[in-house]
Each structure stands twice: as C-alpha cells, then as structure tokens.
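Trainee: Quick one, what's the 3D model for this:
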Amino acid sequence: MTRNLVVIGAALVAVLGSMSVFTVAESQKAIKFRLGEIVETDFKPGLHFQIPFINNVKKFDARLLTLDSTPALFMTSEKKNVNVDYFVKWKIKDVAKFYTSVSGDVAQANIRLDQIVQPALRIEFSNRTIKDVVSTDRAQIRQSVIDSANRQVDEKTGNGLGMEIVDLRIIRIDLPKEVSASVYQRMESERAAVASSFRARGAEMAERMRADADREREVILGNAYRDAEIKRGEGDASAAEIYAQAYGKDKDFFAFYRSLTAYRHSFSNAGGAIVLEPNSEFFQYFKKSTK
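Mentor: Purely as a prediction, here's the structure:
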C-alpha cells in the first residue's frame, strides 16, 4: 500500500513538474495568464516556469506573416477602374495588444489589416493616373501605404492591433475585363496600322532598290558591250595588221596556208558537198605542177 502511494505521489510530482515549465522558441512570442488575466509577455527564448492551474500560456508565431488579399477595384485620377492584386508582410509587434484586439487570431488580424490597407491604397490610386501607378510611382505608393497603415496598427494608438507592417507589394495591375477587351482591340488595330505602314514603306524601298539595280545592270551591260566591241575591233585590227605583215614577207606561202585552212574547214563535214568549176582557183594546189 505504502509503495503504491509512493508511486502515485511520484507520478503526481512529475505531472505537476511538467505543468510548471514551458518553452518559448526563437520563432515564437508568448503570453502568460493568471486566471485569465495577462501577467507577462516579455519572454526570451528558452525554458520558463508557471504555476499549474493558476497560470496558462498562449504562444504565437513571431515570424513574418502574409496577408494575401483578393484583387480589389480602385479608381485612378482619370476616373478609370483598375484591378489591383497585392500582398502585405506583417509581424506581431506587441503580443498583448495583438491578443486583446483580435483574440490572437491571424485570420481576424488579416481581415482588420486589409480594412486598413485598402482605403490607403484607394487614396494613393485616386491621386495618380494609370501610367503613374504602372510605371513610375509604385515604390512611392508602397512606402506611403506602409507608413499610413503602421500609424493605424501601432500599439500606442487607440485602435492599435499590436502589429507592424514590414512590406507591401503590388503584384499586378489590370484593367477590368470589359475594358481590357476594347483596349486590346484598339492596340491590335494600331499595331496592324503600323505594320501596314512598315510593309508599304518596305515595298516602296524594294521597288526603288529593284529599279536602281536594273538600271545599274543595264549600265554595266552597256559598258561591258562597249568595251568588248572596242577590244574586238582592236583585236581585228591587230590580226589584219599581222596578216598583212605575214603576207608581205612570203606571199606564196601565205596563199598556200590560207588554202589549206580553207580545205580543212570545207572538208570537215564528211557528208557535205561542194559544187565548183573544175578550173576553180579553190583547187589550184591539187593541180599537177607544170615544173
């Protein structure tokens, strides 16, 4: 009996001992309650103590949390609506204020935070054109919204949430679908007109280049024909001069050579026929010599 009591007592001590300690990780914030009242929040990472059944502890994620908002419709200074998709990075700054304002519920905190960020974004977009918010002013919008929202969620103000906004990023800015369709059609028409203009200019340049090339071709061919005729005339003149010189040196041999050349050309076609008088000078070298 005594042994059983000892075992039971040891078990109770062990249970009470485990209920008397708790740990806080690097990535956590903790609140200690005493009968439902917050008594301590500033816990360093490590092992801490509590009184069983009197104290209880709630832990919260101290890392960066994300508000991934659904796209919202904002109006620019040009009275044009745009769909804006954005997200917000935030963290718990004052865990006690965070617990009392949103019951420590991250989903509820995101709803409250979105109710603060959206009006700030709406104000920024209403002061800018579509071109400004798309191309030049995103960084300025981001910083202005972060500053404005942090002033509202700061724990020192009456409606503070115990949170700190670390970053805000605009993912995409789109026109509404019905507007986008007309814009795309207008852009397509404009691009088609530009393409037609380029094609027309290209065809004009091609025709001009083709005409220039044809004219240059005719000039080159004309010059080449002129040069060829000049060279041919010079060659014929040189040949005539050489023939004349050769004929003057030995008239009989030259006449004989010319006759042999004529025979070669005349008799080169085996099936051909030549009709001449028997006493024609063409056959003078076939006649018997009288000497």
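Trainee: Report the contact partners of the closest residue to Phe33 other than its chain neighbours.
Mentor: Nearest residue to Phe33, sequence neighbours excluded (Cβ to Cβ, 6 or more residues apart in numbering): Asn56, at 5.1 Å. Every C-beta, even on glycine, is put in place using the N, C-alpha and C of the backbone. Neighbour list for Asn56: 32-33, 50 [criterion: Cβ atoms under 8 Å, 6 or more residues apart in numbering].
Trainee: quick one, phi psi at Asn56?
Mentor: Backbone torsions of Asn56, given as degrees, to the nearest 10, read phi -140, psi 160.
Trainee: Model confidence for it, exactly?
Mentor: Confidence at Asn56, expressed as pLDDT, is 87.
Trainee: With Glu277 instead?
Mentor: 67.
Trainee: Numbering from 59 from now on, please.
Mentor: Taking 59 as the first residue, the last one we looked at is Glu335.
Trainee: what separates the residue nearest to Phe91 from Gln108, distance-wise?
Mentor: 7 Å (Cβ to Cβ, to the nearest Å).
Trainee: Need the residues touching each of those two.
Mentor: With Cβ under 8 Å, 6+ apart as the test, Asn114 and Gln108 both reach Lys90.
Trainee: What residues sit buried inside the helix or strand where Trp148 lies?
Mentor: Using DSSP states H and E, Trp148 falls within strand 139-150. For strand 139-150, the neighbour count (16 or more other Cβ atoms under 10 Å) marks 140-142, 144, 146, 148, 150 as buried.
Trainee: now swap in stretch 146-165 and tell me
Mentor: For stretch 146-165, by 16+ other Cβ under 10 Å, it's 146, 148, 150-157, 159-160, 162, 164.
Trainee: Next step: those restricted to helices.
Mentor: Counting by DSSP state H, the buried residues of stretch 146-165 place 153-157, 159-160, 164 in helices.
Trainee: Could you export these as a markdown table, including distance to Ile278 and pLDDT?
Mentor: Shown next, in a markdown table, are those (distance: Cβ to Cβ, whole Å; pLDDT from 0 to 100):
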| residue | distance to Ile278 | pLDDT |
| --- | --- | --- |
| Val153 | 91 | 90 |
| Ala154 | 95 | 89 |
| Lys155 | 92 | 89 |
| Phe156 | 89 | 91 |
| Tyr157 | 94 | 91 |
| Ser159 | 91 | 88 |
| Val160 | 89 | 90 |
| Val164 | 84 | 92 |
